[in-house]
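Novice: using only what follows, build the 3D model:
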Amino acid sequence: MEGAQGPRRKDRDMASRSEMDDLLHAARVLRLAMAQDGEPYLVPLSFGYDGKRLYFHSARAGRKLDFLRANPRVCFEVEEDPRLIAHGELACDWTFAYASVIGWGRAVELVDEDERRHGLDEIMRHYGATGDWFYAPGVLSRTGVWAVEILELGGKRSPVKEHEGA
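Specialist: Residues are numbered from 1 along each chain as shown. Down below sits the predicted model:
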């Protein structure tokens, strides 16, 4: 596969894994794409990231889980707030300033209690919560916790240029 986001605009590729990690740590929403029997399914999720794997939680049953259990291969995307840059009256002169990371991986349902706690803790930390977490009795058994093992990452950035009136 040539680059995570295709062969075009190599000048916009993120320079390093650390730049992609920074965006994964800062993003507020993870979009997770799945496929089953030729049918696509995309969901926005709250998530955590520990520098190696992404984590999300779920109910114990539902469409998303049907898709993941049938086909654990996933694609995911995060982005910074895109900003519209409007130029004149020609539609093709308009553009966006953006930064995004797209990746591919494999979703794994976590069964070990320590791994499940770690996943939930990472979700809490991702949104700024600190401390040691107590999970009420039964919460871990009622909550599905998943990890996405990242197999490939790619990032693109198109910053606002000074003369574009950001």
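Novice: shaky segments in the protein?
Specialist: 1-12, 160-166 (pLDDT under 70).
Novice: quick one, strands of it?
Specialist: Applying DSSP state E to the chain gives strands spanning 30-36, 39-45, 48-49, 53-58, 73-79, 83-85, 95-109, 144-158.
Novice: so the last one versus strand 39-45, what angle?
Specialist: Relative orientation of strand 144-158 and strand 39-45, computed by axes from the mean of the first three to the mean of the last three C-alpha atoms, to 10 degrees: 90 degrees.
Novice: buried residues, strand 144-158. List them.
Specialist: Buried residues in strand 144-158, defined by neighbour count with 16 or more other C-beta atoms under 10 Å: 144, 145, 146, 147, 148, 150, 153, 154, 155, 156, 157, 158. From N, CA and C alone the C-beta is placed, and that goes for glycine too.
Novice: can you tell me which residues contact the third one?
Specialist: The contact partners of residue 146, taken as C-beta atoms under 8 Å, 6 or more residues apart in numbering, are 55, 56, 57, 58, 68, 107, 108, 109, 110, 119.
Novice: and the nearest residue to residue 82 once chain neighbours are set aside, how close does it get to residue 126?
Specialist: Leaving aside its sequence neighbours, residue 82 sits nearest to residue 98 (C-beta to C-beta, 6 or more residues apart in numbering; 4.2 Å). Distance, residue 98 to residue 126, using C-beta to C-beta, to the nearest Å: 21 Å.
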